[in-house]
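# Sequence plus predicted model, see below.
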Amino acid sequence: MPAGSSDLLHSLHASRYPGAAVHSGPLWLFAYGSLIWRPGFEYAERARGYVQGWSRRFWQGSTDHRGQPGAPGRVLTLTPDAEAACWGVAYRLDPGSQEATLRHLDVREQGGYERHGVEFQCADGARRASWPAIMYVAAPENPDYLGPARLEEIARQVSRASGPSGSNLEYVLELHAVLAALGMADAHVAELAALLSAGPAPQTEGRRAEPEANAQPRRPAL
Ligand code: SIN
């Protein structure tokens with residue numbers, strides 16, 4: 001890494017994300033959703049582990065990736081939960097491209113997500129350690145936030161939503177599959193995937209979300 005580049009990155013990070021932890025050293029990104037199965041960037045290293053005090057929930061509306069304006073899909077965010085741990089993977093960003101990677105991710109995750117600092121607990125084979133990371137979280141204050149709903153209602157919404165990155169169903173099922181493959185199945189995701197596989201009750205009111213005929217991804221796919 002060129003001398004001073006890490007300092008510059010961290011001061012930029014601090015000015016844009018005053019609430020996020022700023023640290024020197026390697027930059028790690030914790031992924032808990034589509035960034036696990038579709039990172040879309042080069043990374044130097046990947047480690048399995050968790051963040052303590054957070055739960056993964058389909059509480060964020062998506063009008064730019066897995067839904068459309070007026071017919072949002074439901075994608076993941078994290079919600080504070082003192083008793084819970086959210087499992088996922090952390091990527092050590094390639095030092096030569098980390099600034100470009102963060103710019104790419106800021107565009108991809110701009111539909112309500114902001115960077116947060118977090119302590120990543122690595123539990124990868126014999127590797128037990130913790131270190132600072134960043135993650136993208138959509139807070140309740142963002143305009144696309146949908147919040148809690150009955151799982152059946154979430155399933156109904158997921159089953160009919162689609163956007164420039166693909167169907168909302170794919171988002172849920174890909175995540176469920178990768179979490180199971182990594183040995184970190186998540187009850188909220190698994191219950192939703194089971195409901196969807198069983199075929200949720202059809203929607204009786206409201207407009208059905210159909211993909212636009214010539215929809216082009218406006219930003220990196222999620
Ligand atoms: C993540 O994967 O870490 C953020 C949420 C998403 O993009 O699905």
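Great, that's in hand.
# so which residue of the protein comes closest to the ligand?
Of all residues in the chain, residue 33 sits closest to the ligand, with a separation of 2.5 Å (C-beta to the nearest ligand atom). Every residue, glycine included, has its C-beta placed from N, CA and C.
# Which residues are in contact with the spatially closest residue to that residue that is not a sequence neighbour?
Take residue 33 and drop its neighbours on the chain: the residue closest to it by C-beta to C-beta, 6 or more residues apart in numbering is residue 76, 3.9 Å away. With contact taken as C-beta atoms under 8 Å, 6 or more residues apart in numbering, residue 76 is in contact with 32-34, 56-60, 175.
# Confirm residue 76 sits in a strand?
Yes. Using DSSP: H, G, I helix; E, B strand; the rest coil, the secondary structure at residue 76 is a strand.
# What about the contacts of residue 76, which are in helices?
In helices, judged by DSSP state H, the following of the contacts of residue 76 are found: 34, 175.
# Just the buried subset of the contacts of residue 76, written out for ChimeraX, thanks.
Selection of the buried residues among these in ChimeraX, burial being defined by 16 or more other C-beta atoms under 10 Å:
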select :32,33,34,56,57,58,59,60,175
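# Export the contacts of residue 76 to TSV and append columns for pLDDT.
Supplementary listing: the contacts of residue 76 in TSV, determined by pLDDT from 0 to 100:
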residue	pLDDT
32	98
33	98
34	97
56	98
57	98
58	98
59	98
60	98
175	97
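# Let me have the contacts of residue 76 in JSON lines, extended by distance to residue 143.
Conversion of the contacts of residue 76 to JSON lines gives the following (distance: C-beta to C-beta, whole Å):
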{"residue": "32", "distance to residue 143": "22"}
{"residue": "33", "distance to residue 143": "19"}
{"residue": "34", "distance to residue 143": "20"}
{"residue": "56", "distance to residue 143": "21"}
{"residue": "57", "distance to residue 143": "18"}
{"residue": "58", "distance to residue 143": "17"}
{"residue": "59", "distance to residue 143": "14"}
{"residue": "60", "distance to residue 143": "11"}
{"residue": "175", "distance to residue 143": "24"}
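# Show me where this structure has its strands.
Under the criterion DSSP state E, strands of the chain are mapped to 28-31, 43-62, 73-93, 113-124, 127-138, 162-163, 166-167.
# For residue 139, grab the count of nearby residues.
The local packing of residue 139 (other C-beta atoms under 10 Å) involves 16 other residues.
# Residue 169: what's it in contact with?
The neighbours of residue 169, taking C-beta under 8 Å, 6+ apart as the test, are 158-159, 196.
# quick one: which of those sit in helices?
Short answer: those in helices (DSSP H) are 158-159, 196.
# the bottom helix or strand of the chain by mean pLDDT?
Comparing every helix and strand of the chain by mean pLDDT, DSSP states H and E singles out helix 5-16 as the least confident one, with a mean of 44.
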